[in-house]
Structure formats: structure tokens, C-alpha cells
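>>> Sequence and predicted model, in that order:
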Number of protein chains: 2
Amino acid sequence: MPSDAEPAPVSAKTPVTLREVAATAGVSVATASKALNGQGRMTAETRERIRETARLLGFRPNSLAQSLLRKRSFTVGLLTNDTYGRFSLPLMAGVSDALVDKGVSVFLCNVEDDQRLGQLHVEAMLDKRVDGIVATGKRIDRHLPVDLSDLRIPVVYAFTQPDPGAVGLVSDDAGGARLAVEHFLRLGRRRIAHVSGPASFAVVHTRAEAYRDVLKENGLAVNEPLLGAWSEGWGHEAVAKLFGSAGREGWPDAVFCGNDQIARGVIDALRERGISVPDDVGVIGFDNWEIVAEATRPPLTSVDMNLSTLGREAGLALLSLVDGQPAAPGIRKLPCRLVVRQSCGSPPE
Amino acid sequence: MPSDAEPAPVSAKTPVTLREVAATAGVSVATASKALNGQGRMTAETRERIRETARLLGFRPNSLAQSLLRKRSFTVGLLTNDTYGRFSLPLMAGVSDALVDKGVSVFLCNVEDDQRLGQLHVEAMLDKRVDGIVATGKRIDRHLPVDLSDLRIPVVYAFTQPDPGAVGLVSDDAGGARLAVEHFLRLGRRRIAHVSGPASFAVVHTRAEAYRDVLKENGLAVNEPLLGAWSEGWGHEAVAKLFGSAGREGWPDAVFCGNDQIARGVIDALRERGISVPDDVGVIGFDNWEIVAEATRPPLTSVDMNLSTLGREAGLALLSLVDGQPAAPGIRKLPCRLVVRQSCGSPPE
DNA sequence: GCGGTAAGAGAAAACCTTTTCCCAGCTAAG
DNA sequence: CTTAGCTGGGAAAAGGTTTTCTCTTACCGC
């Protein structure tokens, strides 16, 4: 059979089964299976011949059959209530990236804040025998609208409130805030204000606390943080409060903002008042939302929560749990990083 | 056995099989299967007894086994190269929403622009026997870095360039642009400018064409569209070009922008020049990116591409393809809608 | 030449469900 | 009483793979 090197029919109309490979190679399915998996004992030639046959036929094992037998589906579920938000995006991508290399696929499950939807998705995942679940959300201090506490499969929580005794990963918000305030200090700024979001968010207090701590540690006066909304509008208002009164000498020379939108509002408001950023006042944001941070004038220095890494770590943690490695329960905090742009000025040489 | 109504052990440590249900109910697995699926013939009591047993035991059929037999996995893949972007988000959510009700789960596959990653994901999906694939991207005029043209499963393209002869869904950009320009006309504006993104994008030309058409149809002068970047910065520059020269009488009284970021730049730049929006100039954006549109001062009227609906339609189209309904190949355009805020003023009573 | 051993390969069970076919028992008609 | 027809339910195959067990053959040392 002088066949010219025919390419593997990678997209044959009907999938080729192990049975066919075995028949073509003239062996039993058992032998074929072992040859392809590197199991069992056989002559090197036999093994190679079978492998070659499989390659030629474009054989790909049916995952469903494998999963059924191995009790391992190489599939995990990703539960989120923030499908439209920007936090879960890098997180989801991180999870997916970490897992695709190991042959694990990810089910995307958007539950909004709907109990029924959550139940529906969890049941669908369980039926499909996912190996584990990553639960993620838009707020560190809120639960997803589903109960994952008593499942027979491992669950990892990322950027959402974990059940007690579970494995959780969150960003180190306190550390992130520290990064920002200490950056200001290194640049010689001393009158540092903090403008943040609503008091109902846990991160607002975590960051505010860290802000106070750093100032105290350095013997500086602590201004009570201004809490409001996560919006540009609040940034404008906050500037009015901070820079409205009295003489220049009472004004802050730095504003640490709870997110990038507030920071944007602050920068715009300062410009409208003729106050220069970064010459008169330095500004740092939080989230490092590039599309905002790069559009402010000047571009905004901001704290990045490394959500993509967080997702990646969550994926890996889940995987090792699935493999039976016992993971230390509790919340693990992953460091943030400061992305320096031009809203703080340069350090004195 | 006076058992108190014990709740179904919904999360038993090991899944209950049909075999166990059958044994408990004292029938064969065949009968049990038929009872639960409403197939076969048996006394109503038998059927009910089996169902009750299954409920009590918390039986849930193993999807893997079902899929293997039925050759239908109730699983589809969602391929995207825009995991970080905001276009695919609502789209993905739409797809997922449309399918979860039918018991279909969605694999999230982020391929970036990486051929290898694309190949990897497609093979993983094929191995897992997905019933079909939705391909989506960040640009209507670009291909994903994978070849889906010769798969044995149906593929639907949404918001990305489809292969010839395939089913594709995109937003009606021309219609969207029309919506914007005609809105201006209804408000009595006559000197309408168009500021858009880079010429390398197909949508830029589609929208510009529609812009010209509407003006011509109404016997108005057509200003050549200003093409630049998708950024706020370009919005500022464009304002300098449009409003820098000559006397007020040459200025536009409306600017239709290619996206919301440009629109934001335009609005900010106009304010800095003391030109009032909407009194002197109306502004309309494109994309209806709420976080931007609601932060402009005044809030931005914008064209929404209904991406969520697009995703939903794509999901449903794929499903009917999977069910063997032949779908008309070619590109289907879904209408946009205009979301009116305050950047254009009110219509004359 | 014989017992022992190891290599090479296959048969069959297992995973869990669905579906087709068949059987036993009963009723009613002839 | 025989036969046809129906009813309720079970046996078994199918789906594709992995794995354990078993079998055959050949080789080695004595």
C-alpha cells in the first residue's frame, strides 16, 4: 500500500474509536489502549505500530467514556455573580489559563444573584460530574446565592466570601493600601487624604485601616477617610470638601482613592480648580483598571489586585485538592502591586 | 417503616446510581430507567414508587453515561479572544443564559490570539464531545485564530468574522449609526459631525457610510468623518479640529462618536472650551458602555449593540442547529437601540 | 527433555444509563 | 380448550474506554 503521507483527518465526519484503531492495527482493544497509554508490556514495535495507526486515523479518546470509568471528568465549574463586571474577567481568564494546560475545561456559570439560577447551575455541574468548583464574585464580603458547603467535590473560593473551613483566596487589600501610602511617603508627601467607597463594603474599612496604620507608624496626622460612593461624582465632591476651605496650607498634598473611578473624579476636579497633579497633589487609585487609569490626565498610578494571578492560583489550588492533596483551609491573601504612572510625580533623585 | 420525612440527601458523599434505586425499589434497572423517564409501560403505582425511591435517595442521573449513549453531551463551547474585553462579557452571559434553561452548560475557552491555545481548546472541546461551538471575538472583521470550518459539529459565529457558508450573527452597525444621526435630525440639529476610530476597523466604515447616507437623504452637507483612535485623547483632538477654527457659525451642532470613550473625550473637551453640551452641541456615543456613559457630564446618549441579546440568539441558533434544524447560512444582523440620556437635549415639544 | 518463569497479548468486567427485544402471565374470543 | 392479544416487567446490548486477570508461547537453566 504505497500511501502517500496522508495527513491525519483531524476533523473526520465521525470520530474514530479505539476499537477501529485496534482492528486496523490487528490487535485487541486492550492492547491498543495500553499501547497508547504507555501501560502494560509489549514489544516496542507493537506499541509504535499501534501509535502510528492511531495517529494516522486521527484517533482521539472519547473523554466521556474515560471520565465515566476514571471518575474524573477533567472539568471544573466556575461560579460567578459578576459576569458583567470587570473583576471576574481577569479572574476567570486566570482560572481558565491555569487549567487548560492540564487538559481541564471550565464551565462558565453566571448565577447573578439568583438563588434559583445558582441551584440550577450547581445541579447541572454535579450531574456533569465536574471535578471541583471555583466560586468567585464581585465582592469579597458577600456570599454567592448558593450553598456549596456540603458538596462531595472540592470547592475553592476566590474573591468572594468563603464558607467556614473552606479554602479561600483574596487579594491583600491592606497590603495594597500600604503600597500606595508608603509610595506617597517615599515621594516626600506628608498630608495624605483618603477618599473611598461606601462604608458597607468590607474592603473600604480594610484599606482605611491600613492607611491609618501607615500614617501612625510614621508619626503623621491621620485625616478621617472620606467615605462615599465608587463613582467619579463622589471624587468631585470629595475634592470640594478637601480643597474647598481655608488656605492652601491646610490642603492635602496627596489623595489615596478607593478605586480608579473616584481617582478620576478627583483628578478632573483638581484640574478644574487649577490644582496641578502631580505637582501640587499626588493621586493614587485602586484596581488598576487600565482603561480608566490610562485615560486620566496625567495617567493614574494605581494598585493592581493581580486578579489574574489570583484566578490562576485558585485554579491550581482546586486542582491539587482534586488530586487529593489536603490544602490548608482558611483564607490566603495574595499581594497587590503598585503600577506607577504619572499621577504622583517622580521620586527625588 | 414509619420514617419521618427525611430530606433528600442532596449532597451525599457518593452519588446514587440507578442500580441502587432499582434495588431499593425492588425492580430492574430497566424498569427504573423507564419509570423515571416516563417511558415504557407499567402500573401507575410502580412508576410512582420508583420515582419516590429515587427522590428519597437523591438520585441524579450521571450525565456522562447519558451523553455516551445518546451521543449528545448537553454541553457547548464558547470560544473567544476577548476575555478581558467588555464586548464578549454581555455576549457570553447571553449565550450562557439562553442555554442553561435547556440544561446545556457552556465551556469558556479563552484563546487570546494564540493559535496553539486555540487548537488546544478546540481539541479539548471535541474530546469532551461538545454538541456545538459559539465563536465570538472582539472584532467583527477579524477571524479567530482557529479553523472551525470543517468540524463535525455545528458552529455559530457571533460578533466575529464567520467562515463562508456558516451561520453568523452581528449587530447592525449601519442601523445603529442611522439611529444616532436620525435622532439628531429629529432634535433639529443640522451640522452633524462624525468622529470615529481607526480606518482599519470595518465598523468604522460601516457606520460612516450610514452617517453619510442619512445626511444625504435629508439633503444636508456631509462633513468627512474624522478617523483616529478609540480613545478619549482622540476625542479631545477631534474637538480641537472641529471647533478650533473660524467663527462659531462653522461649528457643528452635533457630534456622533464612534464609541463612548471618544464621546467622553469630546464632551470633556467641549466643556473645557466653554461650549455647552447639550445646549450648543449634542453628542452621541456608541457601545452604551454604562460605566462611561453614565459618568460623562451630562450623561451620554449612546447606541447599544444589544450584545446580550446577540449572545442569546447565538445560543438559540446553535441549539436548533444541534437539533438538526437546518439554519439559513449567512450573516444575520440584529438591531441596535438608542439609549437616550442627556447629552442631546430634549426634543422640541 | 522438563519444570519454571517471564513476556506478550487477549477476554472480560467495569463505569452508568437507555432501549430494544423478549417472556410470562392473564384475559377474551373462537 | 386453544389461540390470539395484551400487560407488566426483565434481560441484554450498546456506548468507548480502562484495567485486571488469564492464557499462550518461548526461553532459561538444569
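Arrived safely, thanks for sending.
>>> could you list every residue that touches A:His236?
Applying Cβ atoms under 8 Å, 6 or more residues apart in numbering or on different chains to A:His236 gives the contacts A:265-266, A:268-269. Yep, even glycine has a C-beta here, placed from its N, CA and C like the rest.
>>> do you know how far it is from DNA strand C?
To DNA strand C, A:His236 is 60 Å away according to Cβ to the nearest atom of the strand, to the nearest Å.
>>> do the same with A:Ser196
51 Å.
>>> Do I have it right that that residue meets A:Leu226?
Yes: here A:Ser196 reaches A:Leu226: they are 7.1 Å apart, a contact under Cβ atoms under 8 Å.
>>> circling back: show me just the buried residues among the contacts of A:His236.
A:265-266, A:268-269 (16 or more other Cβ atoms under 10 Å in any protein chain shown).
>>> Filter these down to just the ones in strands.
Among the buried ones among the contacts of A:His236, no member falls in strands (DSSP state E).
>>> from those residues, which two are the most distant?
Farthest pair in the buried ones among the contacts of A:His236 (Cβ to Cβ) is A:Val266 and A:Asp268. Separation: 7.4 Å.
>>> residues shared between the contacts of those two?
Joint contacts of A:Val266 and A:Asp268 (Cβ under 8 Å, 6+ apart) are A:235-236.
>>> which ones are touching the residue nearest in space to the middle of chain A?
Centroid check for chain A by Cα atoms, centre = their mean gives A:Leu91 as the closest residue, at 2.3 Å. Residues in contact with A:Leu91 (Cβ under 8 Å, 6+ apart) are A:80, A:136, A:158-159, A:307-308, A:310-311, A:314.
>>> Which SSE is immediately downstream of the helix or strand where it lies?
Using DSSP states H and E, A:Leu91 maps to helix A:88-100. Downstream of helix A:88-100, the first helix or strand assigned by DSSP H and E is strand A:105-110.
>>> Off-centre distance for that following strand?
From the chain centre to the centre of strand A:105-110 is a distance of 14 Å (Cα atoms, centre = their mean, to the nearest Å).
>>> what about that strand and chain B, touching?
Yes: counting by Cβ under 8 Å from any Cβ of the partner chain, chain B has neighbours in strand A:105-110: A:105-110.
>>> which one of those residues has the most neighbours?
Highest neighbour count within those, by other Cβ atoms under 10 Å in any protein chain shown: A:Cys109, with 28 neighbours.
>>> Can you tell me the closest non-neighbouring residue to that one?
A:His121 (4.0 Å; Cβ to Cβ, 6 or more residues apart in numbering or on different chains).
>>> you'd agree that neighbour is in a helix?
Yes: the assignment for A:His121 is a helix, going by DSSP: H, G, I helix; E, B strand; the rest coil.
>>> quick one: contacts for it?
By Cβ under 8 Å, 6+ apart, the residues touching A:His121 are A:77, A:79, A:109-111, A:146, B:100, B:105.
>>> now, which of those residues sits nearest A:Gly324?
The closest of the contacts of A:His121 to A:Gly324 turns out to be A:Gly77 (Cβ to Cβ; 19.0 Å).
>>> partners of that closest one in the sheet?
Beta-bridge partners for A:Gly77, by DSSP bridges, are A:Phe107, A:Ile133.
>>> Could you give the number of residues near A:Ser200?
10.
>>> Check the one 10 residues further on too.
Applying other Cβ under 10 Å, we find 23 residues neighbouring A:Ala210.
>>> rewinding a little: ok, now how distant is the residue nearest to the centre of chain A from chain B?
Look at A:Leu91 and chain B: by Cβ to the nearest Cβ, to the nearest Å, they are 10 Å apart.
>>> One more: A:Asn306?
On the measure of Cβ to the nearest Cβ, A:Asn306 and chain B end up 14 Å apart.
>>> and if you look at A:Arg72?
According to Cβ to the nearest Cβ, A:Arg72 stands 11 Å off from chain B.
>>> Chain neighbours aside, what residue packs nearest to the residue in chain A positioned nearest to chain B?
Here chain A gets closest to chain B at one residue, A:Leu108, 3.9 Å apart by Cβ to the nearest Cβ. Closest residue to A:Leu108 apart from its sequence neighbours, by Cβ to Cβ, 6+ apart: B:Leu108 at 3.9 Å.
>>> ok, and which of the contacts of A:His121 reach DNA strand D?
Among these, proximity to DNA strand D is found for none (Cβ under 7 Å from any atom of the strand).
>>> out of those, which one sits closest to DNA strand D?
B:Ser105 (19.3 Å; Cβ to the nearest atom of the strand).
>>> which ones are touching the closest residue to the closest one other than its chain neighbours?
Nearest residue to B:Ser105, sequence neighbours excluded (Cβ to Cβ, 6+ apart): A:Phe107, at 4.9 Å. For A:Phe107, the contacting residues are A:75-78, A:125, A:128, A:130, B:105-108, by Cβ under 8 Å, 6+ apart.
>>> Close to chain B: what parts of the stretch 201-349 of chain A are there?
A:231-233, A:261, A:264, A:268, A:291, A:295.
>>> Name the member of those residues with the shortest distance to A:Gly247.
Taking these together and measuring to A:Gly247 by Cβ to Cβ, the closest member is A:Asp268, at 23.2 Å.
>>> quick one on the thing from earlier: just the buried ones from the residues of the stretch 201-349 of chain A next to chain B?
A:231-233, A:261, A:264, A:268, A:291, A:295.
>>> I'd say A:Phe63 and B:Asp127 touch.
For the record, residue A:63 is Ser, not Phe. Yes: between A:Ser63 and B:Asp127 there is a contact at 4.4 Å, judged by Cβ under 8 Å.
>>> Settle it for me: which of these two has more neighbours?
Neighbour tally, A:Ser63 and B:Asp127, criterion other Cβ under 10 Å: the higher count belongs to A:Ser63, 24 against 18.
>>> and the more buried one, how far is that from B:Leu318?
To B:Leu318, A:Ser63 is 20 Å away according to Cβ to Cβ, to the nearest Å.
>>> Equivalent analysis for A:Glu217, please.
Distance, A:Glu217 to B:Leu318, by Cβ to Cβ: 58 Å.
>>> which residues does the residue nearest to A:Leu108 contact?
Contacts for B:Leu108 (Cβ under 8 Å, 6+ apart) come out as A:78, A:92, A:96, A:106-108, B:78, B:80, B:92.
>>> What pLDDT is listed against it?
Predicted confidence (pLDDT) for B:Leu108: 92.
>>> on that earlier part again, would you mark the buried spots in the helix holding A:Leu91?
In helix A:88-100, counting by 16+ other Cβ under 10 Å, buried: A:88-100.
>>> next one: stretch A:120-136
In stretch A:120-136, counting by 16+ other Cβ under 10 Å, buried: A:120-122, A:124-136.
>>> same deal with stretch A:54-61?
Within stretch A:54-61, the residues scored as buried using 16+ other Cβ under 10 Å are A:54, A:56-57, A:59-61.
>>> What of stretch A:317-328?
Applying 16+ other Cβ under 10 Å to stretch A:317-328 flags A:317-319, A:321-322 as buried.
>>> Residues in contact with stretch A:170-178: which ones?
Here stretch A:170-178 has contacts from A:140, A:158-159, A:203, A:206-211, A:213-214, A:256, A:286, A:303, A:305-307, A:310, A:331-336, A:338, using Cβ under 8 Å, 6+ apart.
>>> Can you say which of these are buried?
By 16+ other Cβ under 10 Å, the contacts of stretch A:170-178 give A:140, A:158-159, A:203, A:206-208, A:210-211, A:214, A:256, A:286, A:303, A:305-307, A:310, A:332, A:334, A:336, A:338 as buried.
>>> Adding pLDDT, secondary structure and distance to DNA strand C, write the buried residues of stretch A:54-61 out as CSV.
Formatted as CSV, the buried residues of stretch A:54-61 follow (pLDDT from 0 to 100; DSSP: H, G, I helix; E, B strand; the rest coil; distance: Cβ to the nearest atom of the strand, whole Å):
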residue, pLDDT, secondary structure, distance to DNA strand C
A:Ala54, 94, helix, 14
A:Leu56, 93, helix, 18
A:Leu57, 93, helix, 17
A:Phe59, 94, coil, 16
A:Arg60, 95, coil, 18
A:Pro61, 95, coil, 13
